[in-house]
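Undergrad: got a predicted structure here, sequence first:
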Amino acid sequence: MRQYSEEPVLDESVNDIIKAAHFAPSAMGKHAIEFVVIKDEAAKEGLSRIIGQDPVASAPVLLLLVVNADISPMPEHDLAVGSSFAMVQAAAMGLGTAWIHIEKDQKKEIRKILDIPENYDFINIIPIGYPKDELLDHSDNDFDRGKIHSEKF
């Protein structure tokens, strides 16, 4: 989802999303992910300028999962699984999200804006908000059964 209403997202809702990501499976059970919650308009504008994606500026809340690369044996895996769990939890609560990828050359400026230490890594940012327009549910027609292989590819 890339367009959000102006309805605020409650802190309690953000905490529930963070809990889902925190308790997601992690490499060797290290749970090395930490969370940066961004609501400040100036910070969102700065991040949007760096990343080049409108949802970053327009969502009421941004969630950045960061992982201590000194602790996690598989930081990118931990970030991907944690982000996925956060997005599924948000959807279950009627909130919309998007996976906004962060390029390697964007990380230095993002670290500066959010004071992220060098030993922490991140791969995406998640805008969170209520949908601006009604979202349509997926139907069986949207599902490609040809992608299912039984026993062998």
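TA: That came through, no problem. Residues are numbered from 1 along each chain as shown.

Undergrad: next one: residue 55 from residue 144, what distance?
TA: Plainly put, residue 55 is 26 Å away from residue 144 if you go by C-beta to C-beta, to the nearest Å. Every C-beta, even on glycine, is put in place using the N, C-alpha and C of the backbone.

Undergrad: neighbour count: those two, which is higher?
TA: residue 55 (23 against 7; other C-beta atoms under 10 Å).

Undergrad: OK, contacts around the residue nearest the centre of the chain?
TA: Geometric centre of the chain, nearest residue: residue 126, 3.0 Å, by C-alpha atoms, centre = their mean. Applying C-beta atoms under 8 Å, 6 or more residues apart in numbering, we find residue 126 in contact with 62, 63, 64, 65, 83, 86, 87, 90, 97, 98, 99, 100.

Undergrad: does it count as helix, strand or coil?
TA: Look at residue 126: counting by DSSP: H, G, I helix; E, B strand; the rest coil, its state is strand.

Undergrad: quick check: beta-bridge partners of it?
TA: Here residue 126 shows beta-bridge partners residue 63, assigned using DSSP bridges.

Undergrad: quick one: it from residue 142, how far?
TA: Where residue 142 is concerned, residue 126 sits at a distance of 23 Å (C-beta to C-beta).

Undergrad: what of residue 117?
TA: Residue 117 is 42 Å from residue 142, by C-beta to C-beta.

Undergrad: the protein: strands as residue ranges?
TA: Along the chain, the stretches classed as strands by DSSP state E are 33-38, 61-68, 96-97, 100-101, 120-121, 124-129.

Undergrad: just the buried residues of the worst-scoring helix or strand of the chain on mean pLDDT, please?
TA: Sorting the helices and strands of the chain by mean pLDDT, DSSP states H and E puts helix 54-58 at the bottom, at a mean of 92. The neighbour-count check on helix 54-58 (16 or more other C-beta atoms under 10 Å) flags 55, 56, 57, 58 as buried.

Undergrad: tally of neighbours for the closest residue in space to the last one that isn't next to it in sequence?
TA: The spatial neighbour of residue 58 that comes closest, neighbours along the chain excluded (C-beta to C-beta, 6 or more residues apart in numbering), is residue 4 at 5.6 Å. Counted with other C-beta under 10 Å, the neighbours of residue 4 add up to 23.
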